[in-house]
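Student: missing the sequence, but the structure's below:
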């Protein structure tokens, strides 16, 4: 962008410039540009360093939290080793004595039983769970009726596994869903396998440990740190936090992907960066991992960057202003005499060659004025001499130009008249639709007149048509097309030929005789041997028969989604001047409804284009015909034309183009 601005300013000053402007252009602007680039680079680097510093700080905090959690896990394991035998003793007493018979287990007074066992009512609870995972009786009324299967599939499978294995199971500390306190649970199936007796025990040492850990985490830095567990329903292990639905989904994704995500949010005009990092945990049977969420306020970083930018721009602007003022004052001393010299130069430029510069003083400008006056005197002499020569030469140039324009007009008019003659021999569109109602002709001459042409006639129940490619294009090709058209009519109307091969034999003989009369046995007007390639079809509409004969060009027939290629003879019409001319092969076959016949010259496949400027090629052309053969016939013509234009792009058309498509109905 700075380069574009520099060029724009330079363009303005080049139109009307002074020494002061030149100094601004060549000294100040490059320096300003360099300073701006340096300032932008420093700003970007500073911003990058601040962000990297903040990210490193968050990473260090996360690592410290992980270390603290590992210490917590070790401490909790020690507490659990003390609680495990106590809870197993309570559980055995309940299962083997109190609930040996489970008929009234759902209605038993668990508070009374807890008191009899000497359990602490504030710290220890009893739960009865049925096979549907529902708490049907409990000393902890908040969980009465709670469906444990809703805690997640992992929890559900654990409960069902306890029923199946029929043995006492204890799990490590986990977070109780209502109080958010750490609670240790054990599970013991009853003897009849209908219920599970669950014990849940709080631990004062565990509570004190957790409070100490939370206090330590919160004192790490000014960054807010939270630890979340439970991938099915994320809850905070450090404090009571209500998550939004979007943040719950983000938490769940971290548990599943086990990765790290950073998101910036605007909250109360503060720029807060939320960082979610998954860590693997092994201190519980239910929750195998956790997510650390850190929230850092980066608003101060933006303020620091903005203040630095304002400071830089202020100092930069003031410095540029002072430099420009100093340059202006210094250059004014020498600009006045130069300005007077420039005025003289401008008058000379406007044609006043009698002007002379004032020679004043004794410095470089004085010498420049003297040399200027000498140059103008010499220039004035040359100008007067040249002016006379130009006047004499101009009249001659104008006369020659007019002669060339007249000759070009005569040539162009002649070629356009030749096009009218050529168009006159082509079958009219109405006649084509009358003979072949379901057909199209894509006809694109390279020049005003064409070497390709199409020919068509009807005799009784026979429709005869041909796609013909004469040697060369332009005027030479057009002359050959008239010869070919005349000889085709002669073969049909005079020689009464009705077979495809016979028509080509007569055409070949007629073209050879015509070229001999014109003395063209060696090389034609186009610089190569004269002749023509073509594909000729004879359709018996009454008996659904087809005859085909070709000179170098094939017939492509599409039937039932497959393409059948019938090749013509490998020889051109008029390409052999022997007395005994070779015969063309006649191909006959039955037609079916739905058959599509394609005849064409080599102009379409030989067209250069595409990304690499290569030929379209015959194979690709046949694939295109097969792809579009089911489309309506006029739509096929449109697709062929659009495909050619897209392929050709900015390339010139290299040859005349003709494609004839006929659908049999």
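Tutor: Good, I have the coordinates. These figures come from a predicted structure and were not determined experimentally.

Student: and the helix or strand harbouring residue 433, which residues are buried?
Tutor: Taking DSSP states H and E as the criterion, residue 433 maps to helix 429-435. Buried residues in helix 429-435, defined by neighbour count with 16 or more other Cβ atoms under 10 Å: 432, 435. Any C-beta I mention is one placed from the backbone N, CA and C, and that applies to glycine too.

Student: for that helix, the averaged confidence score.
Tutor: Helix 429-435 shows a mean pLDDT of 94 in the predicted model.

Student: repeat for stretch 454-468
Tutor: For stretch 454-468, the mean pLDDT works out to 95.

Student: start the count at 189 instead of 1 going forward.
Tutor: Understood, numbering begins at 189; the last thing we discussed is stretch 642-656.

Student: assign a three-state SS to residue 273, would you?
Tutor: Per DSSP: H, G, I helix; E, B strand; the rest coil, the secondary structure class of residue 273 is helix.

Student: and the gap between it and residue 465?
Tutor: In this view, residue 273 and residue 465 are 37 Å apart by Cβ to Cβ, to the nearest Å.

Student: quick one: the strands in the stretch 239-388 of the chain, in order.
Tutor: 312-318, 323-326, 357-358, 362-363, 370-377, 383-390 (DSSP state E, counting those that start in this stretch).

Student: and the second one, what does it pack against?
Tutor: Judged by 3 or more Cβ pairs under 8 Å, 6 or more residues apart in numbering; DSSP states H and E, strand 323-326 is in contact with strand 312-318.

Student: partners of the closest residue to residue 758 other than its chain neighbours in the sheet?
Tutor: In this structure, residue 758 finds its nearest non-sequential neighbour in residue 740, 6.3 Å apart by Cβ to Cβ, 6 or more residues apart in numbering. Beta-bridge partners recorded for residue 740 (DSSP bridges): residue 722.

Student: thinking again about what came up before, chain center to the helix holding residue 621, what's the gap?
Tutor: 47 Å (Cα atoms, centre = their mean, to the nearest Å).

Student: who are the packing partners of the helix or strand immediately after it in the chain?
Tutor: Scanning forward in sequence from helix 617-623 by DSSP H and E, the next helix or strand is strand 627-632. When contacts are defined as 3+ Cβ pairs under 8 Å, 6+ apart, strand 627-632 sits against helix 617-623, strand 640-647, helix 821-836, strand 845-851.

Student: buried residues in the longest one, which are they?
Tutor: Taking 16+ other Cβ under 10 Å as the basis for neighbour counts, the residues of helix 821-836 that come out buried are 821, 824-825, 828, 831-832, 835-836.

Student: what's the closest non-adjacent residue to residue 841?
Tutor: Using Cβ to Cβ, 6+ apart, the nearest residue to residue 841 is residue 634, at 5.0 Å.

Student: more crowded one of residue 273 and residue 465?
Tutor: A direct count of neighbours by other Cβ atoms under 10 Å for residue 273 and residue 465 places residue 465 higher, at 21 against 9.

Student: pull the contacting residues for the more buried one.
Tutor: 250, 442, 448, 479-480, 482 (Cβ atoms under 8 Å, 6 or more residues apart in numbering).

Student: and the residue nearest to residue 786 when sequence neighbours are not counted, what element?
Tutor: Take residue 786 and drop its neighbours on the chain: the residue closest to it by Cβ to Cβ, 6+ apart is residue 744, 4.3 Å away. Here residue 744 sits within strand 743-747, counting by DSSP H and E.

Student: tell me the mean pLDDT for that strand?
Tutor: For strand 743-747, the mean per-residue pLDDT is 97.

Student: do stretch 256-266 as well
Tutor: The model assigns stretch 256-266 a mean pLDDT of 75.

Student: widest-spaced pair of the buried residues of helix 821-836?
Tutor: Greatest spatial distance among the buried residues of helix 821-836 (Cβ to Cβ): 821 and 836, at 23.1 Å.

Student: residue boundaries of the helices in this structure?
Tutor: 190-203, 207-211, 217-281, 298-304, 341-353, 392-406, 433-445, 487-537, 552-613, 617-623, 662-681, 688-705, 806-816, 821-836 (DSSP state H).

Student: ranking these by mean pLDDT, which is last?
Tutor: Taking the mean pLDDT of the helices of the chain, helix 190-203 comes last: a mean of 50.

Student: what is the neighbour count of residue 738?
Tutor: 27.

Student: meant to ask about residue 820
Tutor: 12.

Student: pLDDT score for it?
Tutor: Looking at residue 820, its pLDDT is 96.
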